[in-house]
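A.B. asks: turn this into a model:
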Amino acid sequence: MGECPVFHERQRLELCAVHALNNLLQRAEITQLRAEEICRGLSPNSVINPHRSLLGTGNYDVNVIMAALQTMDFAAVWWDKRRSLESLELSEIFGFILNIPSPISLGFLSLPITRKHWIAVRQMNGVYYNLDSKLKSPVRLGGPRELKAFLQDCISRGSCEILLVVTKDVEDARLWINAEDRGT
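C.D. replies: Just a heads-up that it's a prediction; the model follows:
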């Protein structure tokens, strides 16, 4: 087939935020230790850190993701789901990090409750991939139309947040959104 190999970290503990960042970057850049350092930096005087799980197994919040991206000259822009996805200027967007509901299961038993889960979506060589760490391997979404359909499906299920990952320059100039939509 000749497709390029896609870096894909699989889910471990509650480290989906770490995996989403690394899958987005396509390299093992952020470690659990680095995420813990970021947590301490965000709440240096806290006995119980509000940016991660009480047990220290991960479950990092959006602040950790945003701080990690900032150290690499990226920014996370919260996507207002009331806007049309057609407003996105995809050529200016490095990738996406989504926070989606994820079912909880105990072995073969699926429980009727969900938790929030971070996933990455990124384009490589003209193809968008779902890089969810809970998947056995990356899932090829396709081009811009298929990406927008995937994002719309996530939004329509409710309880989904989308972060656009862009460079600082793109964030500052708001280039991630079509020119006619920048003023709104």
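
A.B. asks: can you measure across stretch 172-180, start residue to end residue?
C.D. replies: Taking CA to CA, to the nearest Å, the first and last residues of stretch 172-180 lie 17 Å apart.

A.B. asks: what residues sit buried inside it?
C.D. replies: 175, 176, 177 (16 or more other CB atoms under 10 Å). C-beta: built from backbone N, CA, C; applies to glycine.

A.B. asks: need the residues you listed in a markdown table with pLDDT, secondary structure and distance to residue 83, can you?
C.D. replies: Formatted as a markdown table, the buried residues of stretch 172-180 follow (pLDDT from 0 to 100; DSSP: H, G, I helix; E, B strand; the rest coil; distance: CB to CB, whole Å):
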| residue | pLDDT | secondary structure | distance to residue 83 |
| --- | --- | --- | --- |
| 175 | 90 | coil | 15 |
| 176 | 92 | coil | 11 |
| 177 | 89 | strand | 8 |
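
A.B. asks: now flag whichever of those is closest to residue 52.
C.D. replies: Closest approach to residue 52 among those (CB to CB): residue 176, at 28.2 Å.

A.B. asks: just name the closest of the buried residues of stretch 172-180 to residue 100, please.
C.D. replies: Here the nearest of these to residue 100, counting by CB to CB, is residue 176; it sits at 20.5 Å.

A.B. asks: against residue 86, how distant is the closest one?
C.D. replies: Distance of residue 176 to residue 86, computed by CB to CB, to the nearest Å: 13 Å.

A.B. asks: now residue 139
C.D. replies: Residue 139 sits 23 Å away from residue 86, going by CB to CB.
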